[in-house]
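Student: Provide a 3D model corresponding to the input given below.
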Amino acid sequence: MTPTPDDPEAWYAYLAEGNARQARKRVAADVLLRNGVGDFLLVKPTYKPGWDLPGGMAEANEPPTCAAVREVKEELGLTVTLQGLLVVDWVAPHEAWDDQLAFIFDGGVLDADDARDARPHDEELSQLAFTSHARATSMLPQRLRSRFLAAADALNCGVPRYLHNGSPI
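Tutor: Now for the predicted structure:
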């Protein structure tokens, strides 16, 4: 027999068991940052090949927005105020990874001092670069390239994009 809220202890145990059986999603939270001339900030991680957007993985029970702000602070020493959501991408299982939800938020335009002084602040990054839209598109790996293009489009149109594996649905 299924417990009811009339027996709070049994009800809580029942809900906790259901929660433990639910699927868990990995959550990535990246930030689209620009300088005063409209170039995009890309970062080069030390733990994987290629270029990336600033950001990273959410910790357990951490909202994606908080993860994005925290990762930018840890990696670049910058405190950003997010301007809104640009992309949510459901990423199918690949290689050794389960599926995930990947968010890209608008981090706005860095002031001239922050843009000039931006440097990697931890061992996770080896380089950063402000690049044009075209150059960013050529530097990013395919999986992220599609997400970046959708984010740039959302930035211009003012409408967030929802993707499946980098493709609009």
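Student: give me the distance between the two termini of stretch 130-147.
Tutor: Start-to-end span of stretch 130-147 (C-alpha to C-alpha, to the nearest Å) is 18 Å.
Student: tell me the average confidence for that stretch?
Tutor: For stretch 130-147, the mean per-residue pLDDT is 96.
Student: can you start the count at 76 instead of 1 from here on
Tutor: OK, 76 is where the count begins now, so the last one is stretch 205-222.
Student: so what touches it?
Tutor: With contact meaning C-beta atoms under 8 Å, 6 or more residues apart in numbering, stretch 205-222 is reached by 105, 109-110, 113-117, 124-128, 162, 164, 166, 169, 177, 179, 190, 204, 223-224, 227, 238, 240-242. C-betas here are computed from N, CA, C, even on glycine.
Student: centroid residue for this protein?
Tutor: A104 (1.9 Å; C-alpha atoms, centre = their mean).
Student: how far does the one helix or strand that one maps to sit from the chain's center?
Tutor: Secondary structure from DSSP states H and E places A104 in strand 101-109. Remark: strand 101-109 is offset 3 Å from the chain centroid, using C-alpha atoms, centre = their mean, to the nearest Å.
Student: same question, stretch 186-205
Tutor: Worked out by C-alpha atoms, centre = their mean, stretch 186-205 lies 17 Å from the chain centre.
Student: what are the ranges of the strands in the chain?
Tutor: 101-109, 115-120, 130-132, 159-166, 175-184, 200-206, 236-239, 242-243 (DSSP state E).
Student: out of the ones you listed, which one sits most buried?
Tutor: Highest mean neighbour count among the strands of the chain (mean count of other C-beta atoms under 10 Å): strand 101-109, with a mean of 23.
Student: which parts of the lengthiest helix in the chain are buried?
Tutor: Ranked by residue count and defined by DSSP state H, the top helix of the chain is helix 217-232. Residues 219, 221-227, 229-230 are the ones in helix 217-232 that count as buried (16 or more other C-beta atoms under 10 Å).
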